[in-house]
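A.B. asks: coords please:
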Amino acid sequence: MPAELTPDRLAELAAGTLEEAAFVFTERADPPPPFPGSVLEARLQYDGPSRGEIALRATPEFAAGLAANLLGSEPGDPETARRSADALGEIVNMLAGAVVLELFGPVAQTRIGVPSVRECPGAAVPGGCLTHLTTEEGERLDVCVRPRSGGPP
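C.D. replies: Model (predicted):
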């Protein structure tokens, strides 16, 4: 039986992943500040004793900052901007490992899918996220974990 993932625990897992991987420091924010424009959403599915989906949502500027930190480059570098979606996808992949371990423990057989990233207008971002984080600079990051049923992930 999977463990329950509380908003506080998910915020801790996400904050730890961001801090360790990209030197980004966050704290939980309820209610979150609005997204000012377009939003990148990175998603992936997981499968184990139960199935679900993990998603991260952030502005393209936040994702570019992640890319710069992950690549060790400058935020204004053109390569960094091109890799911003990849960076958000990589963070959701890292977070998925932590979430699956938290939900199912270290011995359960699990599978983590491949991240996909899309851009959408901030106003079109669906609700239903488990927790919201903000950075020291006031950037918003939504962290969503949703159970799924039926079919392969």
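A.B. asks: pretty sure E139 contacts A63?
C.D. replies: No - counting by CB atoms under 8 Å, E139 stays clear of A63, with 9.8 Å between them. Every C-beta, even on glycine, is put in place using the N, C-alpha and C of the backbone.
A.B. asks: Could you check which of the two is surrounded by more residues?
C.D. replies: Taking other CB atoms under 10 Å, E139 and A63 do not tie; A63 has more neighbours (29 against 19).
A.B. asks: buried set for the helix or strand that one falls within?
C.D. replies: Using DSSP states H and E, A63 falls within helix 60-71. Within helix 60-71, the residues that qualify as buried are P60, E61, F62, A63, A64, G65, L66, A67, A68, N69, L70, counting by 16 or more other CB atoms under 10 Å.
A.B. asks: Also stretch 8-19?
C.D. replies: By 16+ other CB under 10 Å, the buried positions in stretch 8-19 come out as L10, A11, L13, A14, A15, T17, L18.
A.B. asks: Just name the closest of the buried residues of helix 60-71 to T26, please.
C.D. replies: Relative to T26, the closest of these is F62; by CB to CB it sits at 10.3 Å.
A.B. asks: That closest one contacts L141, doesn't it?
C.D. replies: Yes - using CB under 8 Å, F62 is in contact with L141, at 6.7 Å.
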